[in-house]
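*Asks:* mind folding the following:
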Amino acid sequence: MPAGLKRVIPQLITLAVLVALVSLFFPSFLQIEYSSGRFVGPVIDVLKRGAPVALLAIGMTLVVATRGIDLSVGTVIAITGAMAAATIGAGYGLVAAIAMAVIAGLAAGLFNGVLVAFIGIQPIVATLILMISGRGIAQLITEGRILTFNLPSFAFLGSGSVLGMPVPVWIWVLTAALAILLVRRTALGLLIEAIGVNRRASALAGINARVLLIAVYMASGFCAALAGIIITADIRGADANNAGLWLELDAVLATVVGGNSLMGGRFSISAAVIGAMIIQTIDTGILLAGFPSEYNLVIKAVLVIFILVLQSPNITGDLKYLRQKLLGRKTAQEAGE
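*Replies:* Modelled structure (predicted):
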């Protein structure tokens, strides 16, 4: 069995169990129809609505692999969405709107990366600065209003379809594929893991840790910019107050559900995007069950606590000790027989 496939088996099993549970109560959940040139159905909706979280999870996974965290991704979505809407409102077209949004995302990532790599601020504090101030920046861009626009070519990025599948699905799938190729077909992934395991040792080994740290935070900002473009294009407007709100929690949760340790080191982008689909399936299941959306936050918080407890060095050490003890006892019994 390929190592990459073996790595995501737990996440695939979890996703299959969730889909089975939702289908048990809502038999039409797996029903997919082809209408007006596109596929429609709850599963397609999960893939589309999960696009922003999947994109954020890609960037967050790279940051977490360096033993960092990016709490500003939700705010970056608001900033990039505001930049795109303001650019369109100023009379510019599709290319300019996308370019300004991407530049804003990269600039936000550069800001976070410099604070972490050169100034030495803890990642959670460095990104918290932009998380708090970024909403204000977005509101300055929108002048405190919800900016709306009517540019069909830009709206196509959020609500259009290609070969029957929604455009947001293509965006996160292609982004994930390119990221996986980049980190697994080159030495980049190994260098990122080395920084996460021991940043000082990797620097002594000749790895330019500072440049790589800035690069991963800029990659996170780029992914947040793509998510902001999708969200803004979908609603044809920029809401600085609500765009990307609490999505940083979903991004972190998708990363840890994907089995990526917050202690850094080995990582899997494919497992993280599957984790994003798991989260979106939970959201859809809760909504289909008729529960208020506020239950989502409670369930996600419980999942984060549960996963972090399982990843705790003390817990993993105890589990490893118990496993070795049980295996030793079993070996002794077999030898006695």
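*Asks:* please count neighbours and contacts with C-alpha atoms only from this point.
*Replies:* Noted.
*Asks:* run through who's touching the helix or strand harbouring A251.
*Replies:* Using DSSP states H and E, the element containing A251 is helix 247-257. Applying CA atoms under 8 Å, 6 or more residues apart in numbering, the external contacts of helix 247-257 come out as 11, 53-54, 56-57, 60-61, 70-74, 262, 271-276, 278-279, 300, 303-304, 307-308.
*Asks:* ok, of these, which come out buried?
*Replies:* 11, 53-54, 56-57, 60-61, 70-74, 262, 271-276, 278-279, 300, 303-304, 308 (16 or more other CA atoms under 10 Å).
*Asks:* of the residues you listed, which belong to helices?
*Replies:* 11, 53-54, 56-57, 60-61, 73-74, 271-276, 278-279, 300, 303-304, 308 (DSSP state H).
*Asks:* can you give me the helices in the stretch 51-200 of the chain?
*Replies:* 51-65, 73-89, 94-117, 123-142, 152-159, 167-184, 188-197, 199-204 (DSSP state H, counting those that start in this stretch).
*Asks:* including distance to D239 and mean pLDDT, could those helices go into CSV?
*Replies:* Formatted as CSV, the helices of the stretch 51-200 of the chain follow (distance: least, CA to CA, whole Å; pLDDT from 0 to 100):
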stretch, distance to D239, mean pLDDT
helix 51-65, 16, 93
helix 73-89, 7, 92
helix 94-117, 14, 94
helix 123-142, 8, 91
helix 152-159, 15, 90
helix 167-184, 19, 93
helix 188-197, 35, 87
helix 199-204, 39, 81
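*Asks:* residue contacts, the residue positioned nearest the centre of the chain?
*Replies:* Residue closest to the mean C-alpha point of the chain, counted by CA atoms, centre = their mean, is A57 at 1.5 Å. Counting by CA under 8 Å, 6+ apart, A57 makes contact with A251, V252, A254, T255, I269, A272, V273, A276.
*Asks:* out of those, which is nearest to G41?
*Replies:* G41 lies nearest to A276 out of the contacts of A57, by CA to CA, at 18.5 Å.
*Asks:* what number of residues lie near the residue lying closest to the closest one once chain neighbours are set aside?
*Replies:* Counting by CA to CA, 6 or more residues apart in numbering, A276 lies nearest to A254, which is 4.7 Å off, once chain neighbours are set aside. A254 has 31 neighbouring residues, counting by other CA atoms under 10 Å.
*Asks:* same question for E33.
*Replies:* The number of residues near E33, taken as other CA under 10 Å, comes to 12.
*Asks:* what's the longest helix anywhere in the chain packed up against?
*Replies:* Of all segments of type helix in the chain, defined using DSSP H, the longest is helix 209-235. Taking 3 or more CA pairs under 8 Å, 6 or more residues apart in numbering; DSSP states H and E as contact, the helices and strands that helix 209-235 lies on are helix 51-65, helix 73-89, helix 94-117, helix 152-159, helix 199-204.
*Asks:* could you dump the ones you listed into TSV with distance to F29 added?
*Replies:* Output for those, formatted as TSV (distance: least, CA to CA, whole Å):
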stretch	distance to F29
helix 51-65	19
helix 73-89	29
helix 94-117	34
helix 152-159	21
helix 199-204	46
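*Asks:* quick one on the thing from earlier: if you count neighbours, what's buried in the longest helix of the chain?
*Replies:* Buried residues in helix 209-235 (16+ other CA under 10 Å): 209-210, 212-234.
*Asks:* L147 and M83 touch, don't they?
*Replies:* No. Under the criterion of CA atoms under 8 Å, L147 makes no contact with M83, lying 10.1 Å away.
*Asks:* now A96: closest residue in space that isn't a chain neighbour?
*Replies:* Per CA to CA, 6+ apart, closest to A96 is T87, 7.0 Å.
*Asks:* you'd agree that neighbour is up against I98?
*Replies:* No. In this structure T87 lies outside contact range of I98 using CA under 8 Å: 9.0 Å.
*Asks:* and the pLDDT for Q333?
*Replies:* On pLDDT, Q333 comes in at 62.
*Asks:* I214 too?
*Replies:* For I214, pLDDT reads 93.
*Asks:* ok, the closest residue to it other than its chain neighbours to G285 distance?
*Replies:* The shortest distance from I214 to any non-neighbouring residue, by CA to CA, 6+ apart, is to G113 (4.1 Å). G113 sits 37 Å away from G285, going by CA to CA, to the nearest Å.
*Asks:* compare those two (neighbour count), which wins?
*Replies:* Using other CA under 10 Å, the more surrounded residue of G113 and G285 is G113, with 28 against 23.
*Asks:* which ones are touching the more buried one?
*Replies:* So G113 contacts L213, I214, A215, V216, Y217, M218 (CA under 8 Å, 6+ apart).
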